[in-house]
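**Student:** test case, fold it:
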Amino acid sequence: MNQLIEFKNKFGNTLRGILSVADNNEIIFCIHGFERTSTTEKKFKVVADALLKSNTSSFRFDFTGTGLSDGNFSHTTVSSMTNDLKQALNTINVKGKKISVITHSLGACIIAKFIQDNPDFKFKSIVLISPALNQKELLRLWFVASKMKKENPDLKITWENYKDYLNEDDFLSDCERQDKMTKSNYISAGYFLENKDIDYSDTLSNMPNILHVHGDSDDKVPLESLSAQFQSQIIIQDGDHNLERPDIREQWLEKVINFIVS
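**Tutor:** Predicted structure coming up:
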């Protein structure tokens, strides 16, 4: 059974998610990435459906200003998204339940920040899909790629060569801009200033309850960007950053479900 759940963030905006209810004592929270959505992205929908068939509940909600949720996306930071997660956990009756999470991209940073802020909170299982943990270097990679796309579109920027074209002063100045736009929203400097010197890897590295899923052709968050070590991994052949194409999902879905419900 699926239910639409509404709750408030700390600013009073209404956030929304879909609760898939099973008759057990476990629930999995789906944590989407930057400017994405958990309610409608295919990978989270198929995970929720598969979990329900395994008699496991899930809650896939959208962060402030994304998907079904209200609010101003422009003030998004990892800290604000972490607070949204805390509100979601407080909204769903999780007392006495085993809690797991499945994250995509920036969602891994949110879980790392939540664990830093709440060291006594224990997750049963954590699944990291294409985790963008090394924000310090990824922000510089994305900055260079965006800049070169305008200045020299024939040049392919990769993890191996981006530092050759990085002007650190220009990058730091760009982090302070208040007029940036994403594909759909304005975004203030807060997110960039918060993360320009942070790698969240240490918080999650070598945790025994983590499964890491990553495409070997991910050009948004290259495998090489990760400094964390994971005991359990699924490396997807020809996998991109989203890992949503049907033939790609077939490589990880069943293994992820088995990891979570075991």
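**Student:** which SS state does residue 253 fall under?
**Tutor:** Following DSSP: H, G, I helix; E, B strand; the rest coil, residue 253 is assigned to helix.
**Student:** how about the helices in the stretch 51-200 of the chain?
**Tutor:** 78-91, 107-117, 135-151, 168-175, 190-195 (DSSP state H, counting those that start in this stretch).
**Student:** pick the most deeply packed of these.
**Tutor:** Mean neighbour counts were taken over these using mean count of other CB atoms under 10 Å, and the top value, a mean of 23, falls to helix 107-117. Quick note: C-beta positions are derived from backbone N, CA and C, even for glycine.
**Student:** re the thing from before, adding mean pLDDT, write the helices of the stretch 51-200 of the chain out as JSON lines.
**Tutor:** Output for the helices of the stretch 51-200 of the chain, formatted as JSON lines (pLDDT from 0 to 100):
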{"stretch": "helix 78-91", "mean pLDDT": "97"}
{"stretch": "helix 107-117", "mean pLDDT": "98"}
{"stretch": "helix 135-151", "mean pLDDT": "97"}
{"stretch": "helix 168-175", "mean pLDDT": "98"}
{"stretch": "helix 190-195", "mean pLDDT": "98"}
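**Student:** which of those sits closest to residue 238?
**Tutor:** The closest of these to residue 238 is helix 135-151. By CB to CB, the value is 20.7 Å.
**Student:** now for that closest one, which elements pack on it?
**Tutor:** Contact partners of helix 135-151 among helices and strands, from 3 or more CB pairs under 8 Å, 6 or more residues apart in numbering; DSSP states H and E: helix 168-175, helix 190-195.
**Student:** just give me the residue right at the centre of this protein.
**Tutor:** residue 107 (2.0 Å; CA atoms, centre = their mean).
**Student:** could you check how far that residue is from residue 42?
**Tutor:** 16 Å (CB to CB, to the nearest Å).
**Student:** coming back round to it: residue 245 is nearest to which of the helices of the stretch 51-200 of the chain?
**Tutor:** When the helices of the stretch 51-200 of the chain are compared (using CB to CB), the closest one is helix 107-117, at 19.5 Å.
**Student:** just give the nearest non-adjacent residue to the residue nearest to the centre of the chain, would you?
**Tutor:** In this structure, residue 107 finds its nearest non-sequential neighbour in residue 31, 3.6 Å apart by CB to CB, 6 or more residues apart in numbering.
**Student:** mind listing what's buried in stretch 113-132?
**Tutor:** By neighbour count on 16 or more other CB atoms under 10 Å, the buried set for stretch 113-132 is 113-115, 123-132.
**Student:** narrow those to those in strands?
**Tutor:** 126, 127, 128, 129 (DSSP state E).
**Student:** wait, the residue nearest to residue 107 touches residue 85, no?
**Tutor:** Yes: here residue 31 lies in contact with residue 85, judged by CB atoms under 8 Å, at a distance of 6.8 Å.
**Student:** quick one on the thing from earlier: using TSV, please lay out the helices of the stretch 51-200 of the chain together with distance to residue 61.
**Tutor:** As requested, those are arranged in TSV below (distance: least, CB to CB, whole Å):
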stretch	distance to residue 61
helix 78-91	5
helix 107-117	12
helix 135-151	22
helix 168-175	29
helix 190-195	19
